[in-house]
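J.: only the shape, not the letters, is given here:
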Ligand SMILES: O=P(O)(O)OC[C@H]1O[C@H](OP(=O)(O)OP(=O)(O)O)[C@H](O)[C@@H]1O
Ligand SMILES: Nc1ncnc2[nH]cnc12
């Protein structure tokens, strides 16, 4: 499947110099969206994970249907201040701006095999923050699954020890 023909690129959004990859055309095509979920679900299955964790908001769009398809647990990773019970929380930077994420403290148990899903990997700030929270709760991150990986952004070496899978790479 040529997924890239379903991604629109917007120059200088939301800030100058950023090439925003808009996934909404892909989501609007039911056949292509389903194929993308099935392809990502195959990867998740191959990693023998029992939990899918997805950061708000675009991580939900992928993580929820994958969890549903595989009948696995879905753990929402939310922007700080949104979850009602005790959380672990962290603050981080992304391609444009700063953010914070939180997970309910009882959402992941020691020994859980966790896949993190998101639409796009840019600086890695979001995924690294999510990894930190999952590991703080004793979960093992057995993979990270994305629709899109931006290879032109320098990410350092933090993700080197993790298995990363994506359906599209932009250079
Ligand atoms: O690799 P990074 O530099 O962290 O960038 C990637 C993250 O940025 C976007 O989310 P955003 O925080 O804009 O939130 P949204 O999904 O709610 O739009 C995107 O959905 C990823 O989560
Ligand atoms: N270039 C980009 N396009 C879409 N979402 C993003 N999140 C972070 N960087 C992004």
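T.: Yep, it's here. Owing to the predicted nature of the structure, the values given are computational and were not obtained by experimental measurement. Ligands and ions are numbered 1, 2, ... in the order given.
J.: flag every buried residue along stretch 126-133.
T.: 126-131, 133 (16 or more other C-beta atoms under 10 Å). In this view, the C-beta of every residue, glycine as well, is placed from N, C-alpha and C.
J.: please see if it touches ligand 1.
T.: Yes: Stretch 126-133 is in contact with ligand 1 by C-beta under 6 Å from any ligand atom, via residue 126.
J.: so residue 113 sits against residue 134, correct?
T.: No: applying C-beta atoms under 8 Å, one finds residue 113 not in contact with residue 134, separated by 10.3 Å.
J.: which one's more surrounded, the two?
T.: residue 134 (24 against 15; other C-beta atoms under 10 Å).
J.: this structure: strands as residue ranges?
T.: Assigned by DSSP state E, the strands in the chain fall at 8-11, 19-22, 51-55, 73-79, 87-93, 98-104, 113-121, 140-150, 164-170.
J.: so the third one, near ligand 1 or not?
T.: Yes: remark: strand 51-55 sits within contact range of ligand 1 at residue 55, by C-beta under 6 Å from any ligand atom.
J.: per-residue confidence averaged over stretch 134-145?
T.: Averaged across stretch 134-145, pLDDT comes to 98.
J.: then stretch 4-13?
T.: Stretch 4-13 comes out at a mean pLDDT of 98.
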